[in-house]
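**Student:** Can you look at this prediction? I've put the sequence above it.
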Amino acid sequence: MKALELIEALGKKLGTNSQLELAAVLGVTVGTLINWKNRDEDLSPSQVASALAKSQSAAVQKAQLETIQPIVEFYRIEKCLTKRESRWQVFDSSKDSILYAQGLKAALDDSYGIYIFYDSRGHALYVGKAREQTIWKEMNLAFNRKRDVQTIALVHHPERNQEFKPGYEKLRQPKDTQLELFDLACYFSAYDVDEGMIDDLEALMVRGFANNLLNVRMETFAHMKA
């Protein structure tokens, strides 16, 4: 097979748009592709086999090194209301916020993967995935979601204008109070994850923190789905 024919066929099959993209997928240099094309001769079986082996190696390396990319870790939550004051979001990302926060919001709004909420001691509270919507959107939805497991016994003190009475005069009993994550979470981490790994990574992490998380559902690994 002529080198040019093989290169053109590979480019179409792999959906690459340039020699640079094709070279990266095959695990060879652009110079190697150019040399093949310029020689305009048949490639030997050894050369084809070598190209396939390098392609496999490049694919494995990409899967190992680029499947999970940290975006931010243990970022302090400073909740604020949205513009319409309809719900809370994890931090202010408006044009009046610091550049770091604006850049982080842009990165989260351009990524899909996994996010984790932590309490004030850095213990994981909740693990979530963002596959259909971006991490920024999914994370803020989870931040406001009510869950039965987020119930703590608290003493309710008057909020209306009335005189204070000490505990020895007015005994107030603890009552079950349902909280949202915005009441509990102090930090979050977010990771950009390859689409094919998002479900499995979430399933693994939920199992890893099984007795500590607010997650009540044991997610299914992708290969176990019917």
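**Tutor:** That came in fine, so what should we check first?
**Student:** mind listing the helices for the chain?
**Tutor:** 3-14, 19-26, 30-39, 45-66, 99-108, 135-144, 181-184, 198-208 (DSSP state H).
**Student:** how near is the closest residue to residue 217 other than its chain neighbours to residue 129?
**Tutor:** What sits nearest to residue 217 in space, not counting adjacent residues and going by C-beta to C-beta, 6 or more residues apart in numbering, is residue 206, at 7.8 Å. Placement of C-beta: from N, CA and C, glycine included. Counting by C-beta to C-beta, to the nearest Å, the gap from residue 206 to residue 129 is 10 Å.
**Student:** Please apply the same query to residue 96.
**Tutor:** 31 Å.
**Student:** Specify which residue of these two has the higher count of neighbours.
**Tutor:** residue 129 (22 against 8; other C-beta atoms under 10 Å).
**Student:** Tell me if I'm right that the more buried one and residue 198 touch.
**Tutor:** Yes. With contact defined as C-beta atoms under 8 Å, residue 129 counts as touching residue 198 (5.2 Å).
**Student:** Could you tell me which residues touch both of these two?
**Tutor:** Common neighbours of residue 129 and residue 198, counting by C-beta atoms under 8 Å, 6 or more residues apart in numbering, are 113, 114.
**Student:** Show me how the protein divides into domains.
**Tutor:** For the chain, automatic domain parsing gives the domain ranges 3-66, 68-224.
**Student:** Pull up the distance across the first one, start to finish.
**Tutor:** Okay, so that is domain 3-66. 30 Å (C-alpha to C-alpha, to the nearest Å).
**Student:** Off-centre distance for it?
**Tutor:** Centroid separation for domain 3-66 versus its chain: 31 Å, with C-alpha atoms, centre = their mean, to the nearest Å.
**Student:** Quick check: mean pLDDT of that domain?
**Tutor:** If you average the pLDDT over domain 3-66, you get 76.
**Student:** hang on, isn't residue 216 packed against residue 147?
**Tutor:** Yes. Between residue 216 and residue 147 there is a contact at 7.3 Å, judged by C-beta under 8 Å.
**Student:** These two: who's more crowded?
**Tutor:** Taking neighbours as other C-beta under 10 Å, residue 216 and residue 147 compare with residue 147 leading, 15 against 9.
**Student:** quick one: the more buried one from residue 202, how far?
**Tutor:** For residue 147, the distance to residue 202 - C-beta to C-beta - is 16 Å.
**Student:** cool, and residue 211?
**Tutor:** For residue 211, the distance to residue 202 (C-beta to C-beta) stands at 17 Å.
**Student:** Pick out whichever of those two has more residues nearby.
**Tutor:** More crowded of residue 211 and residue 202, by other C-beta under 10 Å: residue 202, with 22 against 4.
**Student:** which ones are touching the residue nearest to the more buried one when sequence neighbours are not counted?
**Tutor:** With C-beta to C-beta, 6+ apart as the criterion, residue 202 has its nearest non-adjacent residue at 4.2 Å, and that residue is residue 129. If a contact means C-beta under 8 Å, 6+ apart, then residue 129 has 113, 114, 115, 138, 198, 199, 201, 202 as its contacts.
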